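K.L.:
Sequence first, then the predicted structure, then my questions.
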Amino acid sequence: MPLALDGDWTGPGRFALAEGDPKDDGPKPRFDLEVTRSGATGTWTSPDGETVPVRLRRVPKPAPFKSAIRQPRRFDDPRWPVTLTYPAGWRLDVSDSELRLRSPDPFDVLFENELSCTQGTGVPAVPEPDEPPVEFVWPFFRGRSGWLVNVSGYGECEDNRCAPAKWSNPEAPRSFAETAAIARTDRGDTWGRPTVSRT
């Protein structure tokens, strides 16, 4: 979770930062830091007065997605019915039911721009015969005959915009309905569009 900080300069090369909303009353944890060539040093003080030494260091700005993906890593876990490629240096946390992929960019961390998936809930019901395919998480739709993917890059699942979704993990179960698949996906604008193969 992003840490909210607010403060000001307290002297040449020195500053104090309080944790939390500056509008909230009451004591707050506080950083007292001095700028150095490599970063900053100082102390962190708890609301009850306990202090801990702190050393911050400069780190290079993470590469943008378009550059970072040139060194790809592959997620291919038999517990999950999907595979995906992501950049080296990104954090991937996986369990039997949860998947979370996070960029190291502070901007993405601040706005929680991440890919988060849960298996087990949230799968839409099969539409009635007179109903159109139901959007799950764009570009994926559930139709009468199974799962569809919008290959046009825009709009609903109509006309020739959709094709049957193709499984990319041959070891995974063959049905979203059987596994309850991916229940929820939170995507930021920087992730780009999912890609699929048409058979």
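P.N.:
Done, it's in.
K.L.:
what pairs with the residue nearest the centre of the chain across the strands?
P.N.:
By Cα atoms, centre = their mean, the chain has its centre lying nearest to residue 114, at 1.3 Å. Residues in a beta bridge with residue 114, per DSSP bridges, are residue 102.
K.L.:
residue boundaries of the strands in this protein?
P.N.:
Along the chain, counting by DSSP state E, strands occupy 5-11, 14-19, 30-35, 39-45, 51-57, 72-76, 83-87, 91-94, 98-102, 114-118, 134-135, 140-143, 146-150, 162-164.
K.L.:
wait, which of those is closest to residue 126?
P.N.:
Among these, strand 140-143 comes nearest to residue 126, with 6.6 Å by Cβ to Cβ. For every residue, glycine as well, the C-beta is placed using N, CA and C.
K.L.:
Check which helices and strands that closest one sits against.
P.N.:
Counting contacts by 3 or more Cβ pairs under 8 Å, 6 or more residues apart in numbering; DSSP states H and E, strand 140-143 packs against strand 134-135, strand 146-150.
K.L.:
and the gap between the residue nearest to the centre of the chain and residue 84?
P.N.:
13 Å (Cβ to Cβ, to the nearest Å).
K.L.:
mind giving me the domain split of this structure?
P.N.:
For the chain, automatic domain parsing gives the domain ranges 5-57, 60-199.
K.L.:
least trustworthy helix or strand in this protein by mean pLDDT?
P.N.:
Every helix and strand of the chain was ranked by mean pLDDT, DSSP states H and E. The lowest is helix 176-179, at a mean of 34.
K.L.:
Now do the end-to-end distance for stretch 7-20.
P.N.:
Stretch 7-20 has its terminal residues 11 Å apart, counting by Cα to Cα, to the nearest Å.
K.L.:
Stretch 145-157 too?
P.N.:
First-to-last residue span, stretch 145-157, Cα to Cα: 13 Å.
K.L.:
Return the set of buried residues in that stretch.
P.N.:
147-150, 157 (16 or more other Cβ atoms under 10 Å).
K.L.:
One more: stretch 83-94?
P.N.:
Neighbour-count burial for stretch 83-94, with 16+ other Cβ under 10 Å as criterion, is recorded at 84, 86-87, 90.
K.L.:
and that stretch, how far out from the chain's middle?
P.N.:
Centre-to-centre, stretch 83-94 and its host chain are 10 Å apart (Cα atoms, centre = their mean, to the nearest Å).
K.L.:
Need the CA coordinates for that stretch. CSV is fine.
P.N.:
Once non-C-alpha atoms are left out, stretch 83-94 reads as follows in CSV (Å, rounded to 0.1, in the frame of the first residue of the first chain):
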residue,chain,number,x,y,z
THR,A,83,-0.5,-18.3,-18.9
LEU,A,84,1.0,-14.8,-19.3
THR,A,85,4.2,-13.0,-20.1
TYR,A,86,5.4,-10.1,-17.9
PRO,A,87,8.6,-8.0,-17.6
ALA,A,88,11.6,-9.1,-15.5
GLY,A,89,11.7,-7.0,-12.3
TRP,A,90,7.9,-7.0,-11.8
ARG,A,91,6.6,-8.6,-8.7
LEU,A,92,4.3,-11.7,-9.1
ASP,A,93,2.6,-13.2,-6.0
VAL,A,94,0.7,-16.4,-6.7
